[in-house]
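Enquirer: Fold the following for me, if possible:
(one chain, ligands or ions: 1)
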Amino acid sequence: MSQHNIISMQDEQRLFTPSPSGVTGTHIQSLKEYETQYKRSMEDNEGFWAERTNELLDWFSPFTSVLDADMDTPDIRWFSGGTLNVAHNCLDRHLELGRKDKTALIWQGEPEEDVVTYTYEELYEEVCRFANVLKKYGINKGDRVALYMPMIPELTIAMLACVRIGAVHSIVFAGFSALSLQSRVMDCEAKVLVTADAVLRSGRVIPLKANADEALKSCPSVEHVVVVDRAGLAEQDKLEWHNERDLWWHQEMRQNDIAPYCECVPMESEDPLFILYTSGSTGKPKGVVHTTGGYLTYAAHSAQWVFDIQESDVYWCTADIGWITGHSYIVYGPMALGATTVMFEGVPSYPSPDRFWNIVEKFGVTIFYTAPTVIRALMREGLEWTQRHDLSSLRVLGTVGEPINPEAWMWYHENIGKGERPIVDTWWQTETGGIMIAALPFATPLKPGSATLPLPGIDARIVRADGTDAEPNEGGHLIIRKPWPGMLRGVFNDPERYKSTYFERFPKMYESGDGARVDDDGYFWIMGRLDDVINVSGHRMGTAEIESALVAHPTVAEAAVVGMPHPIKGESIYAYVTLKAEEEETEELRGQLRTWVRKEIGPIATPEILQFAEELPKTRSGKIMRRILRKIASGSTGDFGDTSTLADPSVISELVEGRTELTGS
Ligand code: WT7
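Expert: Modelled structure (predicted):
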């Protein structure tokens, strides 16, 4: 966890009372209303959720039981007996509800002039077509489809097409390497992979299908690859093609046998909806499984109350759909509500650091959801970029991914929110499906740096290591006591890991892996991960995953990876590497090892600092003392606490010297 955040938040006392929403029909209008809803949701949990899902979703056949939960096994079932379809809820029903010609999706490509908008009807037709393409190539209910795509409309279309026919999508962030893609596709045994020739990023064309080709060398389950032509690589003869396997998206979509309508497959509430891989504390990413009825209920519920989404809003979440944030808050949540959602292909800094503000102004964005790392990066660029644009359309601001430090909060509040707009700091995880702890924008008084209060329906607590309740202000494990509809229902193909990761340490509770405290007002202050997971720019990276990539290099004997505080990324990756005896510690090899990790996992996993170490600090039983490595990485030169269990205490001073030589500080 990032120490600079914790220290600076320890004494944060400011309180901002909510301002009027400026619209009629605000969903939760006061703290009192929140409290009433919260109380009700705890006293009559099932009644609360039954009511919410019926308000928010269209069920083909009603559920007969709200919740059947056994938190020991665990076996959690929401809305049993009911059937529904997510694409029907996100598209079809809106056509009847008067939203046929309403803009569903505004897509801004990286080049300024690349803008495409889809009405709900247009999106519906494209989704039906692609659902038919998938069916034509043998995809049936329950089959997995891997999506490895840039932020282009075809990604949203492919997701909704999958869920329309009951196929389970597994999206792999396009920034991941061929190897990362391969392990995910192999694990979920996808039958079809959808990709694009390339990704456009910061003015460059980065080949994507080439990675897919490499990955698929050992993925026998994949029968077809559908390729979107994003960058014209084929015309330039820069694309490999496998005739028996590869299909062009644009050709398949316009075949005569591909109709713009396609029945929705009625899904049982607990049928799997998608798999999304996320890093854990062991080497192999876990395939988090979300199911149909509960997930969509939760995505819609949280989107509606946390962002106060209204019919007239233009809503923009800047995340990539390759992460859970994009799943729940670019696609499923907003579209279940019939909102207008913006999707952006590019990055905040290209061609200039006002790209985001330009988009806000251009489309009149009213709700804007981004990450603290983005705010910190844009803060550095100075105010001239924000002042160039009319940001008066904005009415709700949000953040996600890591605690937002009060300095960034204030900058966001003053310069983007004009000192008036609420900022909802949203705590949640891939596993939770949707936002768990956050302010409701026109109800909850805000404290910069606190995610504030749990949403109605969410029984969040802080417990000690022995499972007993922590006192106010006492740091502990953040757990959730009651099941909620959006919770994960499994780790794909690994029930043992599902149980041991989330439900074992604290019986009958969901263990988030985060540390937090609750202050005297009941506000949650998230401190960060308690496991060996680091948070780089709001993305979760398992240290074990990076370590196993490093030791896979022929020169490396051993590696230990920790997080270190970073002014923009929150945390960055610090790797200690012990080479095999005959290898030489050279600058060239240092560079090679960093590139190696980048290739093995993806650019996001590249170590910021890679220090060669003769030896690592180990206990006599051979366990690496990460606590010490974290201290050294953060620049500490003294106060290493109890080091009596170290096999060789002199290791510490050598490592400290090594760091000083390397970083000059
Ligand atoms: C981890 C989950 C949920 C979408 C983004 C990341 C950290 C997330 C906050 C926040 C403090 C946060 C936690 C959590 N985190 N949001 N508002 N304040 N910490 O999803 O990759 O599953 O990572 O991100 O440590 O456990 P993810």
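Enquirer: rest of the way, CA atoms for contacts and neighbours
Expert: Will do.
Enquirer: Would you confirm that Val288 contacts Gln429?
Expert: No: between Val288 and Gln429 there is no contact under CA atoms under 8 Å: 10.7 Å.
Enquirer: Looking at the two, which one has more neighbours?
Expert: Ranked by neighbour count (other CA atoms under 10 Å), Val288 and Gln429 place Val288 first, with 25 against 19.
Enquirer: what about that one, which helix or strand?
Expert: Using DSSP states H and E, the element containing Val288 is strand 286-291.
Enquirer: Could you tell me how far that strand lies from the centre of the chain?
Expert: Strand 286-291 has its C-alpha centroid displaced from the chain centroid by 13 Å (CA atoms, centre = their mean, to the nearest Å).
Enquirer: I'd like the average pLDDT over it.
Expert: What strand 286-291 shows for mean pLDDT is 98.
Enquirer: need the residues of the protein near the ligand, please.
Expert: Residues of the chain found near the ligand (CA under 6 Å from any ligand atom) are 324-325, 400-403, 425-430, 451, 514, 526, 528-529, 538-540.
Enquirer: ChimeraX command for the buried members of those?
Expert: Of the residues of the chain next to the ligand, the buried ones can be selected in ChimeraX as follows, counting by 16 or more other CA atoms under 10 Å:
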select :324,325,400,401,402,403,425,426,427,428,429,430,451,514,526,528,529,538,539,540
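Enquirer: Which ones among the residues of the chain next to the ligand map onto helices?
Expert: Those of those mapping onto helices are Ile324, Thr325, per DSSP state H.
Enquirer: So which of the residues of the chain next to the ligand sit within strands?
Expert: Cross-referencing the residues of the chain next to the ligand against strands under DSSP state E gives Val400, Asp425, Thr426, Asp514, Ile526, Gly528, Arg529, His539, Arg540.
Enquirer: and Phe79, that's in a strand?
Expert: Yes: when DSSP: H, G, I helix; E, B strand; the rest coil is applied, Phe79 is found to be in a strand.
Enquirer: Quick one: residues contacting Arg421.
Expert: The neighbours of Arg421, taking CA atoms under 8 Å, 6 or more residues apart in numbering as the test, are Ser19, Leu394, Arg395, Val396, Leu397, His413.
Enquirer: Mind listing the residues bridging to the spatially closest residue to the fourth one that is not a sequence neighbour?
Expert: Using CA to CA, 6 or more residues apart in numbering and skipping the chain neighbours, the partner closest in space to Val396 is Ile367 (4.8 Å). Residues in a beta bridge with Ile367, per DSSP bridges, are Tyr315, Val396.
Enquirer: surely Ile367 meets Phe307?
Expert: Yes: the pair Ile367 / Phe307 is scored as a contact, 7.0 Å apart, by CA under 8 Å.
Enquirer: So which residues of the stretch 251-400 of the chain form strands?
Expert: Applying DSSP state E, counting those that start in this stretch to the stretch 251-400 of the chain gives strands spanning 267-268, 272-278, 286-291, 314-317, 340-344, 367-370, 396-400.
Enquirer: Can you redo these as CSV, where the extra columns are distance to Glu121?
Expert: Putting the strands of the stretch 251-400 of the chain into CSV (distance: least, CA to CA, whole Å) gives the following:
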stretch, distance to Glu121
strand 267-268, 22
strand 272-278, 23
strand 286-291, 26
strand 314-317, 18
strand 340-344, 13
strand 367-370, 23
strand 396-400, 28
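Enquirer: So for Arg659, which of those sits nearest?
Expert: Among these, strand 272-278 comes nearest to Arg659, with 30.6 Å by CA to CA.
Enquirer: Just checking: what are the partner strands of that closest one?
Expert: According to DSSP bridges, strand 272-278 forms sheet pairs with strand 168-171 (parallel), strand 286-291 (antiparallel).
Enquirer: Name the residues of the shortest one that are buried.
Expert: Taking 16+ other CA under 10 Å as the basis for neighbour counts, the residues of strand 168-171 that come out buried are Val168, His169, Ser170, Ile171.
Enquirer: Closest to Lys447 out of these?
Expert: Distance to Lys447 across the buried residues of strand 168-171 (CA to CA) is lowest for Ile171, with 34.8 Å.
Enquirer: Identify all residues paired with the closest one through a beta bridge.
Expert: Leu147.
Enquirer: what kind of secondary structure is the residue with the largest distance to the centre of the chain in?
Expert: Taking CA atoms, centre = their mean, the residue of the chain most remote from its mean C-alpha position is Glu582, at 41.8 Å. Three-state call for Glu582 (three-state DSSP): coil.
Enquirer: what does the model give it for pLDDT?
Expert: pLDDT at Glu582 comes out at 95.
Enquirer: which residues sit in contact with it?
Expert: Contacts of Glu582 (CA under 8 Å, 6+ apart): none.
Enquirer: List phi and psi for it.
Expert: phi -80, psi 0 (degrees, to the nearest 10).
Enquirer: And Lys623, by the same measure?
Expert: Per-residue torsions, Lys623: phi -90, psi 130 (degrees, to the nearest 10).
Enquirer: how far away is it from Ala560?
Expert: The gap separating Lys623 from Ala560 is 11 Å, by CA to CA, to the nearest Å.
Enquirer: Same question for Leu378.
Expert: 32 Å.
Enquirer: Likewise for Lys141?
Expert: 43 Å.
Enquirer: quick one, which of Lys623 and Ala560 is more surrounded?
Expert: For Lys623 versus Ala560, the count of surrounding residues by other CA under 10 Å is larger for Ala560: 23 against 12.
Enquirer: Alright, I will stop here.
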